[in-house]
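Peer 1: sequence first, then the predicted structure, then my questions.
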Protein chains: 2
Amino acid sequence: MEVIESLQNTKVKSWKKLHTRKGREKAGQFLIEGVHLIEEALKAELPIKELLIEEEKETPHEWKVLNLSEVYVTKKVMKEVCETETPQGYAAICDLPINKNILLEKGKFLFIDGVQDPGNLGAMIRTADAAGVDGVILGDGTVDLFNGKVLRSTQGSAFHVPVQKMNLEEAVQLCRDQSIPIFGTSLTGSTYNAIEPQENFALIMGNEGNGVQESLLELCDQNLYIPIHGQAESLNVSIATGILLYHLRG
Amino acid sequence: MEVIESLQNTKVKSWKKLHTRKGREKAGQFLIEGVHLIEEALKAELPIKELLIEEEKETPHEWKVLNLSEVYVTKKVMKEVCETETPQGYAAICDLPINKNILLEKGKFLFIDGVQDPGNLGAMIRTADAAGVDGVILGDGTVDLFNGKVLRSTQGSAFHVPVQKMNLEEAVQLCRDQSIPIFGTSLTGSTYNAIEPQENFALIMGNEGNGVQESLLELCDQNLYIPIHGQAESLNVSIATGILLYHLRG
């Protein structure tokens, strides 16, 4: 059994380049870590190009039958390639999926305007999946979906719910054309629970510090606000997303 | 101006010990980092014993007039004492507050049963504050409130909302004595939005992996469940807390 040991190995160098958005886009690939995320990728029939396994580990039986291209590496190499502190011993290199077109005709949608924190974006996509959202649109300036921390925080939901990059003004226009009600979020909005649950909607959540861009808020049918009853200055954006999505879907 | 430069300085060593629960309890003190958290501590009139300032930084004017005991340290010492990757140049040593008794007579309460992740606990306390909860009870096995990451994640709410450690079976019994309805959370519970908003309630949220202990669930008036409409396996516990607290308070 051949085991890659050197951090200077060209494969190792190419895998590490997948830590950045630029590297991922150039290679057309991304990296996932850990058993759970690899299982979710397999379930979603994502094309796994290489399965990286730490030399001491066994390939799980369910993966063996898939005839994946296995590459054994030392613990040191695995730690270099992975971004978590204590890698689980398994990682995979996948092809970046073609940007699918989400049909904004009817359904429940989450639009994300410039969320920066990977943990927040991941939690928002996981929550959108739980709430049965039909698609998530990532506006300009939002952290990359294929960032390792985003993928880990989605806990697999990145592979369940359609996610697409799109300019949000265009996305809002498409919703307007189909009479899908569009709800922004703003400190000067209406109290969210004055709104009835909706069959179809697009909810726009904004950047952690600045919220939704003013130019987008102006295009919304209504802007919503979650009242703060105590002394907290704000809610975390992923928690606000959960409260609003579950309220709107009813 | 005297500046502490050595990592071997006894003060530096004693501050570092505040990174662990054991060290905090032994010293009767805890450590906070960053301008925002120090401001929140001052607003809450927490006794700040020492203000640590990086040698290049100025003490903000509003803090100067308070005559805090200032200690200047080098950038290297600040990095050693702080737990964040890029410290902001300010930290403070505070006395641990006396465990206040939360009166479980009437009001809205959040009970936390064994949540392990500091970021989750912090987000839950911040959300409880936003939802106007009257007190948060930390059951046995829950991560320590004065853990640095918990405090940072609360964004100051740890100093706004009363938080107390208590055995949850005792806390539940106290609520029962006062006829405060107690809601557990369980995969076999009722759909949460079948329940009307409540004037008084205690909501119990459980550990990330195992949920609320069975023995506690049996003591609840009703157990609640947030339906998963998509393919996600679960919701993050802090997001579930937001959805339930905001629903229950109405």
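Peer 2: Good, I have the coordinates. Numbering: from 1, shown residues only, chains lettered A, B, ... in the order given.

Peer 1: going forward, measure contacts between C-alpha atoms and count neighbours the same way
Peer 2: Will do.

Peer 1: can I get the longest strand seen in chain A in PDB, CA atoms only?
Peer 2: For chain A, the strand that runs over the most residues, judged by DSSP state E, is strand A:182-191. Extracted in PDB, the C-alpha atoms of strand A:182-191 (Å, rounded to 0.1, in the frame of the first residue of the first chain):
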ATOM      1  CA  ILE A 182     -40.500  39.500  -0.600                       C
ATOM      2  CA  PHE A 183     -39.600  40.200   3.000                       C
ATOM      3  CA  GLY A 184     -36.600  42.100   4.000                       C
ATOM      4  CA  THR A 185     -35.300  42.500   7.500                       C
ATOM      5  CA  SER A 186     -34.700  45.900   9.000                       C
ATOM      6  CA  LEU A 187     -34.700  47.600  12.400                       C
ATOM      7  CA  THR A 188     -37.400  49.900  11.100                       C
ATOM      8  CA  GLY A 189     -39.600  47.000   9.800                       C
ATOM      9  CA  SER A 190     -42.900  45.700  11.100                       C
ATOM     10  CA  THR A 191     -43.000  43.200  14.000                       C
END
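
Peer 1: show me what the nearest residue to A:Cys82 once chain neighbours are set aside is bridged to.
Peer 2: Using C-alpha to C-alpha, 6 or more residues apart in numbering or on different chains and skipping residues adjacent in sequence, the residue nearest A:Cys82 is A:Glu33, 6.8 Å away. Beta-bridge partners recorded for A:Glu33 (DSSP bridges): A:Ala91.

Peer 1: so A:Glu33 versus chain B, what's the distance?
Peer 2: Going from A:Glu33 to chain B by C-alpha to the nearest C-alpha, to the nearest Å gives 18 Å.

Peer 1: name the element A:Ala240 belongs to?
Peer 2: helix A:237-249 (DSSP states H and E).

Peer 1: so does that helix get close to chain B?
Peer 2: Yes. Using C-alpha under 8 Å from any C-alpha of the partner chain, we find that helix A:237-249 touches chain B at A:238-240, A:242-243, A:246.

Peer 1: so that helix versus helix B:237-249, what angle?
Peer 2: Between helix A:237-249 and helix B:237-249, the angle comes out at 50 degrees (axes from the mean of the first three to the mean of the last three C-alpha atoms, to 10 degrees).

Peer 1: which helices and strands does helix A:237-249 pack with?
Peer 2: In terms of contacts (3 or more C-alpha pairs under 8 Å, 6 or more residues apart in numbering or on different chains; DSSP states H and E), helix A:237-249 is packed against helix A:118-130, strand A:201-206, helix B:237-249.

Peer 1: let me have these in JSON lines, extended by distance to B:Glu54, mean neighbour count and mean pLDDT.
Peer 2: Shown next, in JSON lines, are the helices and strands packed on helix A:237-249 (distance: least, C-alpha to C-alpha, whole Å; neighbours: other C-alpha atoms under 10 Å in any protein chain shown; pLDDT from 0 to 100):
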{"stretch": "helix A:118-130", "distance to B:Glu54": "30", "mean neighbour count": "26", "mean pLDDT": "98"}
{"stretch": "strand A:201-206", "distance to B:Glu54": "34", "mean neighbour count": "25", "mean pLDDT": "98"}
{"stretch": "helix B:237-249", "distance to B:Glu54": "34", "mean neighbour count": "23", "mean pLDDT": "98"}
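
Peer 1: turn those into JSON lines, columns for distance to B:Ala202.
Peer 2: Converted to JSON lines, these look like this (distance: least, C-alpha to C-alpha, whole Å):
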{"stretch": "helix A:118-130", "distance to B:Ala202": "24"}
{"stretch": "strand A:201-206", "distance to B:Ala202": "30"}
{"stretch": "helix B:237-249", "distance to B:Ala202": "10"}
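
Peer 1: mind listing what's buried in stretch A:214-225?
Peer 2: A:217, A:219-220, A:222-225 (16 or more other C-alpha atoms under 10 Å in any protein chain shown).

Peer 1: of all the residues of helix A:237-249 next to chain B, which two lie farthest apart?
Peer 2: Between any two of the residues of helix A:237-249 next to chain B, the greatest separation by C-alpha to C-alpha is 12.3 Å, found for A:Ser238 and A:Tyr246.

Peer 1: about what we covered before: what helices or strands is the longest strand of chain A leaning on?
Peer 2: helix A:168-177, strand A:201-206, helix A:214-217, strand A:222-225.

Peer 1: swap in 6 Å and give it another go.
Peer 2: strand A:201-206, strand A:222-225 (3 or more C-alpha pairs under 6 Å, 6 or more residues apart in numbering or on different chains; DSSP states H and E).

Peer 1: what does chain A have sitting close to chain B?
Peer 2: Taking C-alpha under 6 Å from any C-alpha of the partner chain as the measure of proximity, chain A contacts chain B at A:129-132, A:157, A:228-230, A:232, A:239, A:242-243.

Peer 1: return the member of these nearest to A:Ala44.
Peer 2: Nearest to A:Ala44 among the residues of chain A next to chain B is A:Ser157, at 10.0 Å by C-alpha to C-alpha.

Peer 1: quick check, that closest one in contact with A:Ala128.
Peer 2: No. With contact defined as C-alpha atoms under 6 Å, A:Ser157 does not reach A:Ala128; the gap is 8.5 Å.

Peer 1: A:Ile112: which of the helices and strands packed on strand A:182-191 is closest?
Peer 2: strand A:201-206 (5.2 Å).

Peer 1: by how many degrees do the closest one and helix A:237-249 diverge?
Peer 2: 160 degrees.

Peer 1: burial of the residue nearest to A:Gly23 when sequence neighbours are not counted, as a residue count?
Peer 2: Spatial nearest neighbour of A:Gly23, chain neighbours left out: A:Lys17 (4.9 Å); criterion: C-alpha to C-alpha, 6+ apart. When neighbours are defined as other C-alpha atoms under 10 Å in any protein chain shown, A:Lys17 has 19 of them.

Peer 1: ditto for A:Asn210
Peer 2: Other residues near A:Asn210 come to 12 when the count uses other C-alpha under 10 Å.

Peer 1: kindly report the same for A:Gly114.
Peer 2: Counted with other C-alpha under 10 Å, the neighbours of A:Gly114 add up to 22.

Peer 1: now do it, the pLDDT please.
Peer 2: Reported pLDDT at A:Gly114 in the predicted model: 97.

Peer 1: give me the angle between the helix holding A:Ala240 and strand A:182-191.
Peer 2: 90 degrees.

Peer 1: in CSV: the helices and strands packed on strand A:182-191, plus distance to B:Leu138.
Peer 2: Formatted as CSV, the helices and strands packed on strand A:182-191 follow (distance: least, C-alpha to C-alpha, whole Å):
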stretch, distance to B:Leu138
strand A:201-206, 31
strand A:222-225, 29
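
Peer 1: returning to that earlier point: closest one of the residues of helix A:237-249 next to chain B to A:Lys26?
Peer 2: Nearest to A:Lys26, judged by C-alpha to C-alpha, of the residues of helix A:237-249 next to chain B is A:Ser238 at 30.1 Å.

Peer 1: domain ranges for chain A?
Peer 2: Residue ranges for the domains of chain A, per automatic domain parsing: A:3-95, A:108-249.
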